[in-house]
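Enquirer: Fold the following for me, if possible:
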Amino acid sequence: MKVGPVIDALGDGADVDLVHTGQHYDHEMSAAFFDDLGLPRPDVDLGVGSGSHAQQTGAVMEKLEPRLAALAPDAVVVVGDVNSTMAAAITAAKAEIPVAHVEAGLRSFDWSMPEEINRIVTDRLSAWLFTPSEDADENLLREGMPESAIHRVGNVMIDTLQRLLPRARDGFPALRKRLDLPSEYAVLTLHRPGNVDDPVSLTALMEGIQEVALRLPVIFPVHPRTAGQLRQLDVSSGSGLVLVEPMGYLDFLGLLDNARLVMTDSGGIQEETSVLGVQCLTMRPNTERPITITSGTNHLVGTETESIVEEAINALGRPRMPASIPQWDGRAGERIARKLLADLI
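Expert: Numbers count the residues shown, from 1 in each chain. Okay, the predicted model is just below:
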């Protein structure tokens with residue numbers, strides 16, 4: 001369960017118990033995450049690590065249920081669309097504890113994405129649907145969710161970005177020196193199973209990326225999921241492609257902020273680059289964040305080699321222009337906190 005934005009919103013004086021599932025992080029990575037974001041350590045770490053979707057979901061439910069029984073909270077707040085989000089929502093709903101979903105209403109309309117299932121199930125179980133944008137409101141209304149449950153609050157990821165961007169910029173000169181970054185570069189991230197687990201798909205992607213790297217150096221912080229696949233394809237640094245270790249949030253934010261171009265299959269990076277004004281190519285057939293296309297700097301380019309190269313050339317001809325998206329102003333967490341406190345106290 002990602003709880004960072006909720007902690008920020010409620011502050012140190014709130015009577016809140018923070019539960020961390022451990023999903024996606026080992027203890028060292030988790031500690032770095034909390035330190036970078038300046039978050040208090042969770043009161044409870046469920047310690048759920050890697051596994052299949054069913055294993056992760058079941059483990060979170062099994063370990064969270066007795067905690068909720070002991071705490072008897074007035075509400076459970078879940079964020080995003082990972083397995084632990086859905087698992088916590090199901091567990092709370094079965095215990096008759098109201099659920100608040102932050103980042104509600106996002107839809108890719110692609111049922112092959114596990115996140116799409118997580119999003120829809122969580123929204124159906126939630127009493128408060130905190131949405132980041134107008135399209136999310138429309139999705140929920142079209143699905144029959146009551147208008148009274150839908151509250152557009154903005155984007156909690158942008159709260160974090162705006163709060164920590166000055167620190168990321170202060171630290172960037174040291175990062176530039178450590179990585180020996182050129183004056184202009186692109187950033188690449190890849191982690192989605194549909195892109196990295198299929199050797200044919202990954203080969204097509206990397207062929208396009210390597211061609212872009214001949215025009216502009218590409219810095220590639222390699223996700224652990226992707227590293228093994230790249231070794232099998234014998235992909236390594238060279239000819240403008242620079243593979244580096246995964247980064248903490250502050251270093252990565254500084255890297256994004258100074259990039260000429262970003263190529264990604266991540267959801268959150270589509271949002272961050274739009275606010276930063278950095279041109280972004282999303283290497284997927286769809287996105288659950290269409291506002292980053294209509295109002296931001298994001299371009300949906302698919303996964304074919306030719307499309308990636310063509311769109312990269314086009315993007316390099318566009319100016320840097322930060323997006324102005326309503327309520328993406330660094331105050332989303334405050335709006336969520338005010339609504340929950342008003343309804344619960």
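Enquirer: What distance do you get for residue 113 to residue 133?
Expert: Relative to residue 133, residue 113 is positioned 19 Å away (C-beta to C-beta, to the nearest Å). (Glycine included, C-beta is placed from N, CA and C.)
Enquirer: of the two, who's got more company?
Expert: A direct count of neighbours by other C-beta atoms under 10 Å for residue 113 and residue 133 places residue 133 higher, at 25 against 19.
Enquirer: Next up, the contacts around the more buried one.
Expert: 152, 155, 289, 291, 325-326 (C-beta atoms under 8 Å, 6 or more residues apart in numbering).
Enquirer: Among those residues, name the ones in strands.
Expert: Cross-referencing the contacts of residue 133 against strands under DSSP state E gives residue 152.
Enquirer: Most neighbours out of the contacts of residue 133, which is it?
Expert: Going by other C-beta under 10 Å, residue 155 tops those with 28 neighbours.
Enquirer: what about the closest residue to it other than its chain neighbours, how many neighbours?
Expert: Computed as C-beta to C-beta, 6 or more residues apart in numbering, the closest residue to residue 155 that is not its neighbour in sequence is residue 132, at 4.3 Å. The local packing of residue 132 (other C-beta under 10 Å) involves 27 other residues.
Enquirer: quick one: residue 132 from residue 158, how far?
Expert: Taken as C-beta to C-beta, the span from residue 132 to residue 158 is 9 Å.
Enquirer: Now the closest residue to residue 235 other than its chain neighbours: which helix or strand?
Expert: Leaving aside its chain neighbours, residue 235 sits nearest to residue 206 (5.6 Å; criterion: C-beta to C-beta, 6+ apart). According to DSSP states H and E, residue 206 maps onto helix 199-213.
Enquirer: Buried residues of that helix, list them for me.
Expert: Residues 201-202, 204-206, 208-213 are the ones in helix 199-213 that count as buried (16 or more other C-beta atoms under 10 Å).
Enquirer: moving C-terminal of that helix, what's the next helix or strand?
Expert: Assigned by DSSP H and E, the successor of helix 199-213 is strand 218-221.
Enquirer: I'd like to know which elements that following strand is packed against.
Expert: Secondary-structure packing of strand 218-221 (3 or more C-beta pairs under 8 Å, 6 or more residues apart in numbering; DSSP states H and E): strand 186-188, helix 199-213, strand 241-244, helix 249-257.
Enquirer: can the ones you listed go into a markdown table with extra columns for mean pLDDT and distance to residue 83?
Expert: A markdown table is the format used below for the helices and strands packed on strand 218-221 (pLDDT from 0 to 100; distance: least, C-beta to C-beta, whole Å):
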| stretch | mean pLDDT | distance to residue 83 |
| --- | --- | --- |
| strand 186-188 | 98 | 25 |
| helix 199-213 | 94 | 23 |
| strand 241-244 | 96 | 28 |
| helix 249-257 | 97 | 21 |
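Enquirer: Dump those to CSV, plus distance to residue 46.
Expert: CSV is the format used below for those (distance: least, C-beta to C-beta, whole Å):
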stretch, distance to residue 46
strand 186-188, 32
helix 199-213, 32
strand 241-244, 31
helix 249-257, 22
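Enquirer: Which one, of these, ends up nearest to residue 165?
Expert: Closest to residue 165 of those, according to C-beta to C-beta: helix 249-257, at 6.6 Å.
Enquirer: Adjacent strands (with direction) for the next helix or strand after that closest one?
Expert: Per DSSP H and E, the first helix or strand lying C-terminal to helix 249-257 is strand 261-264. Using DSSP bridges, strand 261-264 pairs in its sheet with strand 186-188 (parallel), strand 279-282 (parallel).
Enquirer: Show the subsequent helix or strand relative to strand 261-264.
Expert: Following strand 261-264 in sequence order, the next helix or strand is helix 268-276 (DSSP H and E).
Enquirer: Pretty sure residue 196 sits against residue 226.
Expert: Yes: the criterion here is C-beta atoms under 8 Å, and residue 196 meets it with residue 226 at 4.7 Å.
Enquirer: Spit out the residues that contact those two alike.
Expert: residue 190.
Enquirer: How many residues are close by the nearest residue to residue 150 once chain neighbours are set aside?
Expert: Excluding the flanking residues, the one nearest residue 150 by C-beta to C-beta, 6+ apart is residue 129, at 4.8 Å. By other C-beta under 10 Å, the residues close to residue 129 number 27.
Enquirer: Now do the same for residue 129: helix, strand or coil?
Expert: The three-state label given to residue 129 by DSSP: H, G, I helix; E, B strand; the rest coil is strand.
Enquirer: That one pairs with what?
Expert: The bridge-partner assignment for residue 129, based on DSSP bridges, gives residue 101, residue 150.
Enquirer: Residue 136: neighbouring residues, count only.
Expert: That count, for residue 136 with other C-beta under 10 Å as the rule, works out to 25.
Enquirer: With residue 93 instead?
Expert: 18.
Enquirer: Surely it is in a strand?
Expert: No: checked against three-state DSSP, residue 93 lies outside a strand; its state is helix.
Enquirer: Any idea how many residues pack against the closest residue to it other than its chain neighbours?
Expert: Nearest residue to residue 93 in three dimensions, chain neighbours excluded: residue 125, at 4.3 Å (C-beta to C-beta, 6+ apart). By other C-beta under 10 Å, the residues close to residue 125 number 19.
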